[in-house]
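Undergrad: Sequence plus the predicted model coming up.
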Amino acid sequence: FFLGGFVVAAAMAKPLSQILFERYDTDQSGDIDIHEFREMAYHLSHPLSEAEAKLALASLDQNGDGKFTYKEFHDWWSKTDRFQGLQLPPDQAQYLLTSVDHFRQFDVDRNGRLDHTEFRKLYDNLIAGGYKLSGFDQCIREIDSNLDHAISVQEYVDWLLKHM
C-alpha cells in the first residue's frame, strides 16, 4: 500500500513503526528530533504547530534529551489514539508544556517517570500552589494507568488533558 510518498509491501519484513521511524530519522542519528517529528506528523495528515510538536516531544521523550528513540516512538505508535491531545488550542498547549516542565523539575533521575517519592513532592507543590486535588493515593490511582507504581510524563499529560 501507499503511505506518505513510499510504497509499503504487504508482507513487510519490518514493523510499520520501524519503517516510519527510519524514514523520518533523516539524519540517521537513531533518534527523531522535533523537526523530523513535525515532518512525519504533517505527512500523516496531522500537521502540528511548534507548541504542539514540543508537547508531543515532551510526552514521547521519556529520558528528557529532546528527542526520542525508536522504543519511545514504538510505544507511542502502538496506541490507537496516538494523535489525540496533540492538536490543541495554543493556550492549552502552552499550559501542558509548562506542566511537563514542572513535572521534569521533580524527575530527579531524569528517566521520564516519577516514583512515589518524586510524585509526592510534585503533588505537595501543586497543593501548595492552590490546585484542588484528590488525596495523594487517589491521585496515584487516577494517573498511574498502567499500574506500574510510577507516573510517566505521558500518564501525567493524559491526566491533565482529562481535567482541562
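TA: It's in.
Undergrad: Can you give me the neighbour number for Ser78?
TA: By other CB atoms under 10 Å, the residues close to Ser78 number 10. C-beta coordinates here come from the backbone N, C-alpha and C atoms, glycine included.
Undergrad: Quickly note the distance from Ala41 to His35.
TA: Distance of Ala41 to His35, computed by CB to CB, to the nearest Å: 11 Å.
Undergrad: One more: Phe106?
TA: Phe106 sits 28 Å away from His35, going by CB to CB.
Undergrad: which one of these two has more residues nearby?
TA: It is Phe106, of Phe106 and His35, that has more neighbours when counted by other CB under 10 Å, with 17 against 13.
Undergrad: hang on, isn't that one packed against Asp115?
TA: No - between Phe106 and Asp115 there is no contact under CB atoms under 8 Å: 10.1 Å.
Undergrad: got a list of contacts for stretch 22-41?
TA: 4, 6, 14, 20-21, 43, 47-48, 50, 53-54, 56-57, 60, 65-70, 73, 83, 86 (CB atoms under 8 Å, 6 or more residues apart in numbering).
Undergrad: now do 6 Å
TA: With contact meaning CB atoms under 6 Å, 6 or more residues apart in numbering, stretch 22-41 is reached by 48, 53, 57, 67-69.
Undergrad: helices and strands around the longest helix along the chain, which ones?
TA: Looking across the chain with DSSP state H, the single longest helix is helix 90-106. Here helix 90-106 touches helix 50-60, helix 116-128, helix 153-162, going by 3 or more CB pairs under 6 Å, 6 or more residues apart in numbering; DSSP states H and E.
Undergrad: so where does Phe37 fall, helix or strand?
TA: Assigned by DSSP states H and E, Phe37 falls within helix 34-43.
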